[in-house]
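Undergrad: this is a predicted model, with the sequence first.
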Amino acid sequence: MKLKDIQRILEAEVLAGADLLDEDVVMACGSDLMSDVLSFAKSASLLLTGLINPQVVRTAEMADLAAICFVRGKKPEQETIRMAEAKNIPLLTTPLPMFESCGRLWRQGLPGCSEYEKRG
């Protein structure tokens, strides 16, 4: 699924990486535990999280994630946005809660990590 489709589905605002919305996303991972993201998320995944600190961007870089979407309308500080821009990691924010965000994406065909592994 293209990141621009995810933006539309989640009614999201782009905070960084507007030029990367044609990138493919293979699965989604919803978590506020960055250790779980490192353990379960696959390369080219979308991370949905309520955390807005710079560590989220560092984790996304280490896990080679496609993008980060902050839920519940959260927006990180400019330092975090600048870090994401420097690392070419798109940032989105959606007013939707985590559960509804994940549900909308799943309903539109974007798998989670357990489904993606079964397809693999």
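TA: Cool, the structure landed. Residues are numbered from 1 along each chain as shown.
Undergrad: ends of stretch 60-75, what's the gap?
TA: End-to-end span of stretch 60-75 (Cα to Cα, to the nearest Å): 16 Å.
Undergrad: again with stretch 42-58
TA: 15 Å.
Undergrad: which parts of it are buried?
TA: Buried residues in stretch 42-58, counted by 16 or more other Cβ atoms under 10 Å: Lys42, Ser45, Leu46, Leu47, Leu48, Thr49, Leu51, Ile52, Pro54, Val56, Val57. Quick note: C-beta positions are derived from backbone N, CA and C, even for glycine.
Undergrad: stretch 2-11 now?
TA: By neighbour count on 16+ other Cβ under 10 Å, the buried set for stretch 2-11 is Leu3, Asp5, Ile6, Gln7, Ile9, Leu10.
Undergrad: what about the second one, which helix or strand?
TA: Using DSSP states H and E, Asp5 maps to helix 3-9.
Undergrad: closest to Ala63 out of the buried residues of stretch 2-11?
TA: Using Cβ to Cβ, Leu3 comes nearest to Ala63 of those, at 16.3 Å.
Undergrad: list the contacts for the closest one?
TA: By Cβ atoms under 8 Å, 6 or more residues apart in numbering, Leu3 lies in contact with Leu20, Leu21, Asp22, Glu23, Asp24, Val25, Leu46, Ala66, Ala67, Pro90, Leu92.
Undergrad: ranges for the helices of this protein?
TA: Per DSSP state H, the chain carries helices over the ranges 3-9, 34-40, 54-62, 78-86, 98-107, 113-119.
Undergrad: hmm, back to that, what would the buried residues of stretch 2-11 look like in JSON lines with distance to Cys113?
TA: JSON lines is the format used below for the buried residues of stretch 2-11 (distance: Cβ to Cβ, whole Å):
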{"residue": "Leu3", "distance to Cys113": "18"}
{"residue": "Asp5", "distance to Cys113": "19"}
{"residue": "Ile6", "distance to Cys113": "16"}
{"residue": "Gln7", "distance to Cys113": "21"}
{"residue": "Ile9", "distance to Cys113": "19"}
{"residue": "Leu10", "distance to Cys113": "18"}
